[in-house]
Each structure stands twice: as C-alpha cells, then as structure tokens.
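fold the stuff below for me.
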Amino acid sequence: MKLPTLYCAAILALILPIFAKEQTNIVFIIADDLGYGDLGCYGQKTIQTPVLDKLAAEGIRFTQQYSGSTVCAPSRSALMTGQDTGSTWLRGNGEFELRPDPDDLTVATLLQRAGYRTAMIGKSCISGNTQNPQHVLDKGFDVFYGTTSHKDGHFRYPEFVYDQTKRVELDGNKLHSGKFYDVELYTTRAEHFIRETKDPFFLLLSYPIPHASVLAPEGAVPGGAGMEHSKGHYTEVKNPAAHYQAMVEAMDGYVGRVLAALEEKGVANNTLILFTSDNGSHFEGGYNPKMLDSSGPLRGGKRDLYEGGIRVPMIAHWPDGIAKPGTSDHISAFWDFLPTACDIAEIDTPPGLDGISYLPTLIGKGEQATHDFLYWEFHERNTRLAMRQGDWKLVQYNVAKNGKPELYHLGRDQGETEDLAKQEPERVAAMLKILKTHRKLSPIFPNKHLDQ
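So this is what the prediction gives:
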C-alpha cells in the first residue's frame, strides 16, 4: 500500500535527525591587548586565571599562536577573512570597514551559509572607527550587540551600544563611570544567545579588555582603589597595575559564565571554545607590560613586531573533538581560523587565502599542513615589517628610513636578544625577497616604500 506523501514526510522528519551528524558549535572569545604572559597557564605568577587554566589543562594550549597584527583592526580583519596583513583589506586602524560581499568574505558568512546561527557580541571585528551596525549584519552575523567604533571600546562605561541596528542608550554611563560595565553587558548577552539559540551556532565574543581604559569592575580591586579622575582620553586610575590584574581576573570569571551557559544547555562537549588575544599587551592608560610581566619571556608589546606584540595565548577546549589534551607548538596565526572553521563545518574553504586549517592538530588526526612563512606589515611608526620562516624571524623597523633588517632564531632565542643578520646575510636576503614580493597592493593602505 502506498503511504500518503505527508505521512512519509513526517516519518522522515523523525528518522533523519537520528542519522544526521551533530554539527560542532564554535565559540571564539577574543580579548583585547592581553599579553602572552598574562594567564597562569602561560607562566603568569600574579594574575589568577583558574577558569582559563582549567580549559587549557582539559584542552590544547598553543605556544606558537600569532595574532593578525600588532593593533586591533588589521588583526581582526585577518581573523575574519583568512588573509594576512599583506592581503587583507584592513591593514591599520582608522575609519575603515570590510567591503560589502562578495568582497572580503568573512568566516561568519561562510558559517551562516552552512546553517549556523551567528553572533558578534562586543567590539566590532569587521570595522575600525565607524558607526555602521547594519554592516555587521551584512557581513554574516545574524545577531549583533556591541560597538562598531573601536574608540567606543576604549571606555568601560560606554554611553551606548547597538542591539542589532538600534542604538541603546546606557543611562548613567559617562565613559569613565556609570552603572553598566561593558564586559558584564556583553557576557549577559552571550549567555542569552547560547541559551536561546538552536544548534549549530557560531559566537564571536569580542571582549574590549584589558585594553585601556584600565578600569576594573567596581569592587574588583583590593583596597577599593577606584577611578580618581580623567585627564585625557583614557580613564585615569591611581594604580593601573592593580586594575589591569583585576580586569584580567574578572574576564576569567566572565569566561566561566560562558562555559556555565554551555554546560547548562548541554552542549559544552560539542562546542569548540577558542580563547585568544588580538595582539600583545599595551603601553596605554598608565600601564606597562613590565608591571606584571605581561609579555612573559617575549620582547616588546603592542605596536611591536617583536614576539611580544604578535605572539598571543590561544586555548582550545573541545571535549568531543580533542583526543589528547596538552600543549602544541604548531605555528599558527589568526588567518588560520577561517579554514579551520570551514573544516569543522565540513564546507569548502575559499581559494586564494593565506590561512591553513589546524583541525588536524585539534583532533589529533590527519596530516597537519604547515606555513612556508608568516608575514606582517604595520603602517605606523615609519612602517614595520616582519616574517617568520621556520624558527627564523626577520624584523625590519623604520622601513621608510631604510632601517636595517634584524634576524633572530626563535628556537634558541625566543626573547629576540641576539641579532644574527650580519652572520646570515644570504638568509636575510632571501627573506627580504619574500617580504617584497608577498604583499598585494592596497588602495587604502598604499606605501611607497613597499609598492615597488
């Protein structure tokens, strides 16, 4: 007997989910200006980060992960597009944003097309100092709650946030003081998204701390050392080191809340959590990385292309996916996230990108591809260039003034203390040739010293 069509469809609707493979949720948490040495699992002795340390112990702690750049906008552009700063559209801070589709295709758009519900909460990762919330939605995010201008992210008590495209005034917030601490708002919204969203989902949780203003949540600093006054752009505090420490410790707690929301929903095991930072620790708001050893064993900090400016912590936690917890010395960078996410979602990675998937490293299966080299360019301070090739690292400062290249062997000297350029002239010449040929022309970041 032939069964009615509607009856067959009902049976299939019940049966197919049993055989369908459950897709992995992805939660990417990006801190702002968190140094390589700011977490306990990376050697920090003063700042307490028990939640992130536990995630690292249960997952994989990457020891050679690099940000997209040494400042926020180009670093996040690399994360979103799978391209390094020789290729991606945004290569510096300013009033710029990624181009409309189909240009600058983002990881969010790709996952959205694959059936993921996508959200960006916090500081924008597809723009600089612009006010265009619709653009966030146009670039692949179903949900947006946060700020689009990076300058708005400089203050712990912003006067407004965007909820989708609606501007929501935060009554009582006066940038340097107020009722609504930004990271508290973003964590609460992230909890809501996790609890209310059906699988699969991609959450980009973009925390604007510990970037200056260096102002911890009220009551978080021992002794009550609060905000005293504001003289300039950033909030001024009496003890910036105490506030920086309290900010990182508070962020650790906020990450714990996100994990709790995943556990309460019953999806923690099937969710890949990646936690990292957009660049090294900063020299702003009265803080210096040396105060708390934020760069750990590395040289420099934010705006440097030495390791302290671009090597960042990255923790991967995925109980159902990571077969062997531990550490990984796989050399990876922000532009690797897009192809990794595509592999997890089992969709094709767009051609012509600089990134390679590190899924084999996460799951311990398959052959892990490696980079021929990593490349960075930085357009402030007379232009700075860097590349890593194996254990060798080339750095060139003051390119506009014909600054001399420096060469370091990171396998023996991760602190970049011994310049080997004079001892290795042929290697320097070969690496400089790559530097000069890898870069693609950029209409919004032209550089007469590079475009030759």
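
can you give me the buried ones in the longest helix anywhere in the chain?
Using DSSP state H, we find that the single longest helix of the chain is helix 240-265. For helix 240-265, the neighbour count (16 or more other Cβ atoms under 10 Å) marks 240-252, 254-256, 258-259, 261-262, 265 as buried. The way it works is simple: take the backbone N, C-alpha and C, and place the C-beta from them, glycine included.

what of stretch 177-193?
177-178, 180-183, 185-187, 189-191, 193.

do the same with stretch 146-164
Residues of stretch 146-164 classed as buried by neighbour count (16+ other Cβ under 10 Å): 146-150, 152-159, 161-162.

residue contacts, the residue nearest to C72 when sequence neighbours are not counted?
Nearest non-adjacent residue to C72, counting by Cβ to Cβ, 6 or more residues apart in numbering: D278, 5.1 Å away. If you count contacts by Cβ atoms under 8 Å, 6 or more residues apart in numbering, D278 has them with 30-33, 67-68, 72, 75-76, 79, 312.

quick one: stretch 323-338 to chain centroid distance?
Computed by Cα atoms, centre = their mean, to the nearest Å, the chain-centroid distance of stretch 323-338 equals 13 Å.

ugh, wrong one, I meant stretch 328-346
The chain centre lies 12 Å from the centre of stretch 328-346; the measure is Cα atoms, centre = their mean.

what count of nearby residues applies to the residue nearest to T370 when sequence neighbours are not counted?
Leaving aside its chain neighbours, T370 sits nearest to I331 (6.7 Å; criterion: Cβ to Cβ, 6+ apart). Around I331 sit 21 other residues, with neighbours defined as other Cβ atoms under 10 Å.

so where is this structure shaky, pLDDT-wise?
In the predicted model of the chain, residues 1-21, 223-231, 452 satisfy pLDDT under 70.

so which of the buried residues of stretch 177-193 sit within helices?
Among those, the ones falling in helices (DSSP H) are 182-183, 185-187, 189-191, 193.

that older thread, can you list the contacts of D278 in a markdown table and add distance to T197 and neighbour count?
Shown next, in a markdown table, are those (distance: Cβ to Cβ, whole Å; neighbours: other Cβ atoms under 10 Å):
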| residue | distance to T197 | neighbour count |
| --- | --- | --- |
| I30 | 19 | 26 |
| A31 | 23 | 28 |
| D32 | 24 | 25 |
| D33 | 29 | 29 |
| S67 | 28 | 28 |
| G68 | 27 | 30 |
| C72 | 27 | 27 |
| S75 | 27 | 29 |
| R76 | 23 | 30 |
| L79 | 21 | 30 |
| V312 | 28 | 30 |
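
now compare the residues you listed and name the two farthest from each other.
Using Cβ to Cβ, the two most remote members of these are D33 and L79, lying 15.0 Å apart.

what is the nearest of the ones in helices among the buried residues of stretch 177-193 to A316?
A190 (18.5 Å).

partner strands of the longest strand belonging to the chain and their direction?
Secondary structure of the chain per DSSP state E: the longest strand is strand 201-210. Strands adjacent to strand 201-210 in the sheet, as given by DSSP bridges, are strand 25-32 (parallel), strand 117-123 (parallel).

any idea which element L362 lies in?
helix 359-363 (DSSP states H and E).

so what does that helix touch, helix or strand wise?
Helix 359-363 sits against helix 337-345, with contacts defined as 3 or more Cβ pairs under 8 Å, 6 or more residues apart in numbering; DSSP states H and E.

can you tell me what sits against the helix it packs on?
23-24, 26, 28, 79-82, 106-107, 110-111, 114, 116, 200, 202, 272, 274, 348-349, 353, 355-359, 362.

which of those count as buried?
23-24, 26, 28, 79-82, 106-107, 110-111, 114, 116, 200, 202, 272, 274, 349, 353, 355-359, 362.

quick revisit: reformat the contacts of D278 as CSV; add secondary structure and distance to H449.
Converted to CSV, the contacts of D278 look like this (DSSP: H, G, I helix; E, B strand; the rest coil; distance: Cβ to Cβ, whole Å):
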residue, secondary structure, distance to H449
I30, strand, 31
A31, strand, 32
D32, strand, 29
D33, coil, 27
S67, coil, 23
G68, coil, 21
C72, helix, 24
S75, helix, 22
R76, helix, 25
L79, helix, 26
V312, strand, 27
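
what is the nearest of these to E284?
Distance to E284 across these (Cβ to Cβ) is lowest for D33, with 7.9 Å.

look up how far E184 lies from that closest one.
19 Å (Cβ to Cβ, to the nearest Å).

same question for E236.
For E236, the distance to E184 equals 22 Å [Cβ to Cβ].

just to revisit the earlier point, distance from the longest helix of the chain to the middle of the chain?
With Cα atoms, centre = their mean, you get 16 Å for helix 240-265.

same check on stretch 427-442?
26 Å.

just the buried positions in that stretch, please.
For stretch 427-442, the neighbour count (16+ other Cβ under 10 Å) marks 427-428, 431, 435, 439, 442 as buried.

can you give the contact residues for stretch 367-375?
Contacts for stretch 367-375 (Cβ under 8 Å, 6+ apart): 66, 84-86, 330-331, 333, 354, 356-358, 360-361, 386-389, 431, 434-435, 438-439.

in strands only, show me the residues you listed.
Assigned to strands by DSSP E, the following of the contacts of stretch 367-375 qualify: 66, 333, 386-389.

can you redo the residues you listed as JSON lines with distance to G140?
Formatted as JSON lines, these follow (distance: Cβ to Cβ, whole Å):
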{"residue": "Y66", "distance to G140": "24"}
{"residue": "A333", "distance to G140": "21"}
{"residue": "A386", "distance to G140": "30"}
{"residue": "M387", "distance to G140": "30"}
{"residue": "R388", "distance to G140": "30"}
{"residue": "Q389", "distance to G140": "33"}
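
same list, those, but as CSV with distance to A216 and neighbour count please.
Below are the ones in strands among the contacts of stretch 367-375 laid out as CSV (distance: Cβ to Cβ, whole Å; neighbours: other Cβ under 10 Å):
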residue, distance to A216, neighbour count
Y66, 28, 28
A333, 31, 27
A386, 33, 26
M387, 37, 22
R388, 35, 24
Q389, 40, 17
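
which one of the residues you listed sits closest to E416?
After measuring the ones in strands among the contacts of stretch 367-375 against E416 - Cβ to Cβ - the closest member comes out as A386, at 10.4 Å.

spit out the contact partners of the closest residue to that closest one other than its chain neighbours.
Leaving out its chain neighbours, the residue that sits closest to A386 by Cβ to Cβ, 6+ apart is L305, at 3.8 Å. Shown in contact with L305 (Cβ under 8 Å, 6+ apart): 70, 376, 378, 384-386, 395, 397.

redo that, cut-off 7 Å
Applying Cβ atoms under 7 Å, 6 or more residues apart in numbering, we find L305 in contact with 70, 376, 378, 384, 386, 395.
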